[in-house]
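**Q** Sequence plus predicted model, see below.
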Amino acid sequence: MGCCAPHLQFQGKNAQVQNGGVHSNQSTKVCDTKVSQELAMLMTTNTRQVDGVTIVDIEGRIVLGAESAVLRVVVCDLLIAGQRKILLNLADVDYIDSTGLGQLASAVASVRKLKGDLKLLKLTNKVHDVLQITKLNTVIDIMDDETVAIESFGRAMAATG
């Protein structure tokens with residue numbers, strides 16, 4: 001099962017998380033409805049592709065509970081689908097707690113273990129301060145400009161490959 005939460009099982013490679021819930025094709029199980037309903041109130045996600053980079057736009061709070069579980073599922077789903085260049089857009093994330101920070105660190109480790117990279121984009125001042133205090137800003141690339149962030153994946157992969 002890898003990086004997926006034990007209660008969220010995925011059998012296919014085409015699962016996506018969009019607009020606050022796990023949406024899938026017929027080959028994939030859908031996340032518990034209760035988790036999706038709770039998430040819709042506190043955090044929403046939208047996944048898009050730009051020049052080979054998967055951008056996950058996140059809005060709301062990344063906290064203990066459904067939100068942090070879905071962040072784990074988003075990254076797991078992307079890895080299962082073969083995505084290795086992941087950019088989390090946190091421009092609309094107004095709060096992150098210690099569980100959310102743990103999920104970010106775990107997500108980075110999971111992606112790097114598979115020879116990929118995960119970067120953060122457009123942090124709010126509150127989220128940036130928390131990453132700085134915890135020193136996570138020293139292990140996770142933080143970008144302010146989407147175009148520059150997308151281009152940086154190409155440079156990073158060329159340097160390592």
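**A** Yep, it's here. Numbers count the residues shown, from 1 in each chain.
**Q** Name the next helix or strand following the strand ranked longest in the chain along the chain.
**A** In the chain, with assignment by DSSP state E, the single longest strand is strand 85-96. The C-terminal neighbour of strand 85-96 among helices and strands, as given by DSSP states H and E, is helix 98-113.
**Q** Run through who's touching stretch 116-132.
**A** Defining contact as C-beta atoms under 8 Å, 6 or more residues apart in numbering, one finds that stretch 116-132 is touched by 55, 75, 79, 83-96, 101, 104, 107-108, 111-112, 137, 140-144, 146, 149, 152-153, 156-157. From N, CA and C alone the C-beta is placed, and that goes for glycine too.
**Q** ok, and the helix or strand in this protein with the lowest average confidence?
**A** strand 16-18 (a mean of 39; mean pLDDT, DSSP states H and E).
**Q** buried sites along stretch 121-134?
**A** Within stretch 121-134, the residues that qualify as buried are Leu121, Lys122, Leu123, Val127, His128, Val130, Leu131, counting by 16 or more other C-beta atoms under 10 Å.
**Q** Just the CA atoms of it, as CSV, please.
**A** Listed next in CSV are the C-alpha coordinates belonging to stretch 121-134 (Å, rounded to 0.1, in the frame of the first residue of the first chain):
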residue,chain,number,x,y,z
LEU,A,121,4.7,27.4,-4.1
LYS,A,122,3.5,30.8,-2.8
LEU,A,123,3.4,30.3,0.9
THR,A,124,1.4,32.7,3.0
ASN,A,125,3.3,34.6,5.7
LYS,A,126,1.9,32.4,8.5
VAL,A,127,2.8,29.2,6.7
HIS,A,128,6.3,30.5,5.8
ASP,A,129,7.0,31.5,9.4
VAL,A,130,6.0,28.1,10.6
LEU,A,131,8.3,26.4,8.1
GLN,A,132,11.1,28.7,9.0
ILE,A,133,10.7,28.1,12.8
THR,A,134,10.7,24.4,12.3
